[in-house]
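Asks: Fold the following for me, if possible:
(chains A and B)
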Protein chains: 2
Amino acid sequence: MDADALSEFGRRDWQTESDLQPVRFAMIGLGWWTREEAIPATEDSDWCETTVVVSGDHDKAEDVAEAAETAITYDEFHDGEATDEYDAVYVATPNAKHLEFAESAAEFGKAVLCEKPMEATPERARRMVETCEEADVTLMVAYRMQTEPAVRRARELVDDGAIGDPVLVHGSMSQDLLEMIPNPDQWRLDPDLSGPGASVMDLGIYPLNTARFVLDADPVAVSSFARSEDDAFADVPDEAATFEIRFDDGTLAACSASQNAYRSSHLKVVGTEGEVRIEPAFFDRQDRQLALEVEGTTADVDYEQVDQMLEEFDYFAHQLRTGGDVHPDGRHGLTDLEAMAAIYESAEQGSVVEL
Amino acid sequence: MDADALSEFGRRDWQTESDLQPVRFAMIGLGWWTREEAIPATEDSDWCETTVVVSGDHDKAEDVAEAAETAITYDEFHDGEATDEYDAVYVATPNAKHLEFAESAAEFGKAVLCEKPMEATPERARRMVETCEEADVTLMVAYRMQTEPAVRRARELVDDGAIGDPVLVHGSMSQDLLEMIPNPDQWRLDPDLSGPGASVMDLGIYPLNTARFVLDADPVAVSSFARSEDDAFADVPDEAATFEIRFDDGTLAACSASQNAYRSSHLKVVGTEGEVRIEPAFFDRQDRQLALEVEGTTADVDYEQVDQMLEEFDYFAHQLRTGGDVHPDGRHGLTDLEAMAAIYESAEQGSVVEL
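Replies: Take a look at the predicted model:
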């Protein structure tokens, strides 16, 4: 193994320019993630700034408004207020309320950075893609793992053949949702807002999408087991779930997710000649370790912790300002919605679902 | 977390006696595993000795006979030769040739230590169980992980509630079979000798059985994807496979196995309050590391490498001489055969198979 192969990785392999006019954001949906992760990332960025905050009611928007010049309500946003004060929107509302904001943003000619999963159903995700394409506005899905340096390096290693041909993938993500947000009425447990379930939609999407990114492959068939026993999960099928994925390159994946388990995550890709592992893999604000094992020798690389949201916002702004394509685009995100709908269908009907 | 909880583990929690009359073994099937692992283990043991070796032809038996007083052929074994020279048999022939030796051993009143998987099909495994029960001879299946100290400790931690209630299990085992044994005509790739496949039967059984042992739970439903592309795997469906298991305690497992991939193995049990990990998990002659993570704190225990075959043979001899039950008994092994048959059925028909 080439020792340089691991150390020479530049943190921002996508960056071509550094002197860019900042992109002004309207931040839509002011939950804890937007307030504690997304807005601070734009404050730390040279290329992004939060100029408008958008919330369901004026008071909440005003509370957060110290970060922004303008605070408006959802209705005011849809009515086109303050459109000259932002260039792009970041949509972090509950899943089933992404589409309406992307539609308004597209109408106003604004670029869209939409949280994952894109929407609650493939049908609504497809409408978002088509709306943005018709309006010719950029649509990116906020997969923060795709701008995480350790993950980008894993993808590069696999693409370079460092582990031979990929054979098997393992991925999991679990957390204790009700300990994090002690409210059984939260939107992630409400199918009207979250989509068909809670664990695969919110957490399983990480091993699913990151495996797709690292392999550069897409699912062709899935199978899944799900269960819900705790009362808080009575409205969703997947307090815990496992799922298998058959990819178009032949690789098979064994994955799991749970919103009612110990916080844990890992990703492992086993090839014919070696393996790459990232553990912990998927949570924000973790020290990421990438391991490459070939011929019985393991190289561990401890990555400096990055602000994943800063990486993601800067990537999005960089591509907007330099006219580059954005990689996790709407069609890429739509594939996950289709795969997850198939996973829920498989768990319900007890058979493999082809894509 | 109690620091003593990890260190106080006695290596042989099953041992009650030490001064035992040795059990004399007839070693049946003289492949590399028997020659390089099993016979040396009996030589290192105070409680076991190899007195008879049994092979398909006289020459091979004679070659190995330096370890034993007597070398006989399979036919001679079935004819009852040298029955006064051994107390028990160790059966390490190809899977589909286990039953005939267990039947003869039962007829001679000899205890049976049978390699995993017990046989090629559940029907033949059931015949073995019933034959040994009718003859009232002890039958143990050679799951070396069940006498591996790190695995026994993981089971104890789970049983003690150290990780809360188990939620998810991950397990995998892969190796490059054709690099290890460069012969495409070997029995593991021949369904007449190996059973329905090569990877799940030979490797997938490790995460399956070890998960059962650690959880103290049994499968109630399985789902599986399998694929074979390499010409050497043309006669078996599972050059690589993933499988999901739903256990009777509600735990879900996501597993994988491949005979044509990099040598790799891991086991992880995620509970409501923590997780236990063993990595590497399943190969012989590895330094085993057990990690227990609770409340963000990880305790790693590096186990002194044990001779797994010595542990297994000593356990079997100890139980025979002290009159104790043997844990991985025939009915326990039969459950794996039923689960694996269901896994292959699921992969073929594309739907969940209930057990």
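Asks: drop to CA atoms for contacts and neighbour counts, all remaining ones
Replies: Fine.
Asks: Got the confidence number for the residue nearest the centre of chain A?
Replies: In chain A, the residue lying closest to the centroid (Cα atoms, centre = their mean) is residue A:143, at 2.7 Å. If you check residue A:143, the pLDDT there is 98.
Asks: what do you get for residue A:105?
Replies: Looking at residue A:105, its pLDDT is 98.
Asks: What is the helix or strand where it lies packed up against?
Replies: Taking DSSP states H and E as the criterion, the element that holds residue A:105 is helix A:99-107. Applying 3 or more Cα pairs under 8 Å, 6 or more residues apart in numbering or on different chains; DSSP states H and E, one finds that helix A:99-107 makes contact with helix A:74-78, strand A:88-91, strand A:111-115, helix A:122-135.
Asks: give me that answer again for 6 Å
Replies: Judged by 3 or more Cα pairs under 6 Å, 6 or more residues apart in numbering or on different chains; DSSP states H and E, helix A:99-107 is in contact with helix A:122-135.
Asks: Contacts only, for residue A:173.
Replies: A:203, A:257, A:264-265 (Cα atoms under 6 Å, 6 or more residues apart in numbering or on different chains).
Asks: Neighbour-wise, give me the winner out of those.
Replies: Within these, most neighbours by other Cα atoms under 10 Å in any protein chain shown means residue A:257, with 32 neighbours.
Asks: Ramachandran coordinates for it?
Replies: Backbone torsions of residue A:257, given as degrees, to the nearest 10, read phi -160, psi 150.
Asks: Widest-spaced pair of the contacts of residue A:173?
Replies: A:203 and A:264 (10.8 Å; Cα to Cα).
Asks: just to revisit the earlier point, strands - which of the contacts of residue A:173 land there?
Replies: The members of the contacts of residue A:173 that map onto strands under DSSP state E are A:257, A:264-265.
Asks: closest to residue A:244 among those?
Replies: Using Cα to Cα, the shortest approach to residue A:244 within these belongs to residue A:257, at 11.7 Å.
Asks: Next, residue A:164: secondary structure please.
Replies: When classified by DSSP: H, G, I helix; E, B strand; the rest coil, residue A:164 comes out as coil.
Asks: Give me the domain ranges for chain A.
Replies: Here the domain parsing of chain A from automatic domain parsing is A:9-144, A:145-306+A:329-354.
Asks: Pick the most deeply packed of those.
Replies: Each of the domains of chain A was scored by mean neighbour count; the highest is domain A:145-306+A:329-354, a mean of 22, by mean count of other Cα atoms under 10 Å in any protein chain shown.
Asks: which one of the contacts of residue A:173 is nearest residue A:107?
Replies: Taking Cα to Cα as the measure, residue A:107 sits nearest to residue A:203 out of the contacts of residue A:173, at 31.1 Å.
Asks: give me every residue that touches the closest one.
Replies: By Cα under 6 Å, 6+ apart, the contact set of residue A:203 is A:173, A:257.
Asks: And it, how far from chain B?
Replies: Relative to chain B, residue A:203 is positioned 14 Å away (Cα to the nearest Cα, to the nearest Å).
Asks: residues in the stretch 151-300 of chain A within reach of chain B, list them.
Replies: Counting by Cα under 6 Å from any Cα of the partner chain, the residues of the stretch 151-300 of chain A lying close to chain B are A:254, A:261-262, A:271-274.
Asks: Now the phi/psi pair for whichever residue of the stretch 51-200 of chain A sits closest to chain B, please.
Replies: Here the residue of the stretch 51-200 of chain A nearest chain B is residue A:167; by Cα to the nearest Cα that distance is 6.5 Å. For residue A:167, the backbone dihedrals are phi -120, psi -50 (criterion: degrees, to the nearest 10).
Asks: Quick one: residues contacting it.
Replies: Applying Cα under 6 Å, 6+ apart to residue A:167 gives the contacts A:251, A:270-271.
Asks: okay, these in JSON lines with pLDDT and distance to residue B:355 next?
Replies: Shown next, in JSON lines, are the contacts of residue A:167 (pLDDT from 0 to 100; distance: Cα to Cα, whole Å):
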{"residue": "A:251", "pLDDT": "98", "distance to residue B:355": "27"}
{"residue": "A:270", "pLDDT": "98", "distance to residue B:355": "30"}
{"residue": "A:271", "pLDDT": "98", "distance to residue B:355": "32"}
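Asks: Including secondary structure, could these go into TSV?
Replies: Formatted as TSV, those follow (three-state DSSP):
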residue	secondary structure
A:251	coil
A:270	strand
A:271	strand
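Asks: show me where pLDDT drops low in chain A?
Replies: By pLDDT under 70, the weakly predicted segments of chain A are A:1-10, A:67.
Asks: tilt between the longest helix seen in it and helix A:122-135?
Replies: If you go by DSSP state H, chain A has its longest helix at helix A:330-349. Relative orientation of helix A:330-349 versus helix A:122-135 (axes from the mean of the first three to the mean of the last three Cα atoms, to 10 degrees): 170 degrees.
Asks: Next, see if helix A:330-349 gets close to chain B.
Replies: No - judged by Cα under 6 Å from any Cα, helix A:330-349 and chain B are separated, with a smallest distance of 8.8 Å.
Asks: I'd like the next helix or strand past that helix.
Replies: Proceeding N to C from helix A:330-349, the next assigned helix or strand is strand A:353-354, under DSSP H and E.
Asks: who does that following strand touch, helix- and strand-wise?
Replies: Applying 3+ Cα pairs under 6 Å, 6+ apart, we find strand A:353-354 packed against strand A:219-227.
Asks: What pairs with the next helix or strand after the strand it packs on, parallel or antiparallel?
Replies: For strand A:219-227, the following helix or strand on the C-terminal side (DSSP H and E) is strand A:240-247. Here strand A:240-247 has these sheet partners by DSSP bridges: strand A:219-227 (antiparallel), strand A:252-258 (antiparallel).
Asks: Just the C-alphas of the shortest one, formatted as CSV.
Replies: Going back to what we said before, that points to strand A:252-258. C-alpha atoms of strand A:252-258 as CSV (Å, rounded to 0.1, in the frame of the first residue of the first chain):
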residue,chain,number,x,y,z
LEU,A,252,-24.7,-6.4,-1.9
ALA,A,253,-25.3,-4.3,1.2
ALA,A,254,-26.6,-5.2,4.6
CYS,A,255,-27.8,-2.1,6.5
SER,A,256,-29.8,-1.1,9.6
ALA,A,257,-31.3,1.9,11.3
SER,A,258,-33.1,2.6,14.6
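Asks: what's it in contact with?
Replies: Taking contacts as Cα under 6 Å, 6+ apart, the residues outside strand A:252-258 that touch it are A:168-174, A:199, A:203-204, A:239-246, B:254.
Asks: check contacts around the residue nearest to residue A:94 when sequence neighbours are not counted.
Replies: Nearest non-adjacent residue to residue A:94, counting by Cα to Cα, 6 or more residues apart in numbering or on different chains: residue A:193, 5.8 Å away. Contacts for residue A:193 (Cα under 6 Å, 6+ apart) come out as A:94-96, A:187.
Asks: for residue A:246, same thing?
Replies: If you count contacts by Cα under 6 Å, 6+ apart, residue A:246 has them with A:219-221, A:252.
Asks: Apply 8 Å and report the result again.
Replies: By Cα atoms under 8 Å, 6 or more residues apart in numbering or on different chains, the residues touching residue A:246 are A:219-222, A:252-253, B:225.
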